[in-house]
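In: What shape does this take:
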Amino acid sequence: MKEGITLTQLKEGGPGAFSRLFTLYYRDLVLYAGRYLSDQTECEDIVQDTFLKIWNRRYQLEITVSLRLYLIGAVRNRCLNELKHRRLTLNTTIEALTWMPARIEEEATLYSELHERFEQALQTLPPLCREAFEMNRFQHMKYQDIADRLGVSKRTIEVRIGKALALLRENLRDFLPLILFFNVW
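Out: Here you go, the predicted model:
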C-alpha cells in the first residue's frame, strides 16, 4: 500500500494532514484491532485514542518506519495491553499473541486490501451469477423479486447465487473470518 503521509508532513501540515492520515488509516486499523478484540466499539476507541496520542505527541515523535507500520504497531500494542489488563484470552494465550512475528506489515490484513480483493473476486464471477448476487446483496432484493425481474425461475436465482457464494468463498477463504466479523459489505 502506498504511504499516504509522512511524519514530516504531519508535523508541518496541521489539522489537514492529521485529517488525511485519519481518513487513510482509520478503518484499516479498526479492522486490524478486530484481530485481538471482539468488540468493534472497543476497537474504534483504541484506534481513536492512538490517533489522538500521535497528534498530541507529533513534535516529539521519532519514527524510523513508515507511519502506516507505526500505527499498526501502536494499535497492536494497545490491544495487547487491553487484553492483559482484563486478563482475557481469545482462542490463544496472551503470551502467544505477544510473540507474534515481527513482520507486522505482512500480517496486517487491512480493510483496503480486503475490499480490493473482494472487488477482484466479484469481477471473476460469471456475469449471470454476479448480477443475481449483486441484486441480492447490494440491492437487498429477494430471490423471487430477482427472478421476476430477470424472467427466470426462483430456483435459477438460488443456483446462481449459490454458485457466486461458493466462488467468492473459495477466492476469499483467507479473508472470510474478517468479512464475517466486521460485516464490511
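
In: would you list every one of the helices in the chain?
Out: Per DSSP state H, the chain carries helices over the ranges 7-33, 40-56, 67-86, 94-98, 104-107, 111-123, 127-137, 143-150, 154-171, 176-182.

In: could the ones you listed be laid out in CSV, adding mean pLDDT and mean neighbour count?
Out: To be clear about C-beta, it is placed using only N, CA and C from the backbone, and glycine gets the same treatment. Shown next, in CSV, are the helices of the chain (pLDDT from 0 to 100; neighbours: other CB atoms under 10 Å):
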stretch, mean pLDDT, mean neighbour count
helix 7-33, 79, 17
helix 40-56, 89, 17
helix 67-86, 84, 18
helix 94-98, 48, 13
helix 104-107, 50, 13
helix 111-123, 79, 15
helix 127-137, 92, 18
helix 143-150, 95, 16
helix 154-171, 90, 16
helix 176-182, 51, 14
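
In: can you list the domains in this structure?
Out: 7-107, 112-182 (automatic domain parsing).

In: mind saving the C-alpha coords of stretch 116-130 as CSV?
Out: Below are the C-alpha coordinates for stretch 116-130, written out as CSV (Å, rounded to 0.1, in the frame of the first residue of the first chain):
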residue,chain,number,x,y,z
GLU,A,116,-9.7,-4.7,-3.2
ARG,A,117,-9.5,-8.5,-3.0
PHE,A,118,-13.4,-8.7,-2.8
GLU,A,119,-13.8,-6.4,-5.8
GLN,A,120,-11.4,-8.6,-7.8
ALA,A,121,-13.2,-11.8,-6.8
LEU,A,122,-16.5,-10.2,-7.7
GLN,A,123,-15.2,-9.5,-11.2
THR,A,124,-14.2,-13.1,-11.7
LEU,A,125,-17.8,-14.3,-11.2
PRO,A,126,-19.8,-15.4,-14.3
PRO,A,127,-21.9,-12.4,-15.4
LEU,A,128,-25.3,-14.0,-14.6
CYS,A,129,-24.1,-15.2,-11.2
ARG,A,130,-22.6,-11.8,-10.4
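
In: Lovely, talk soon.
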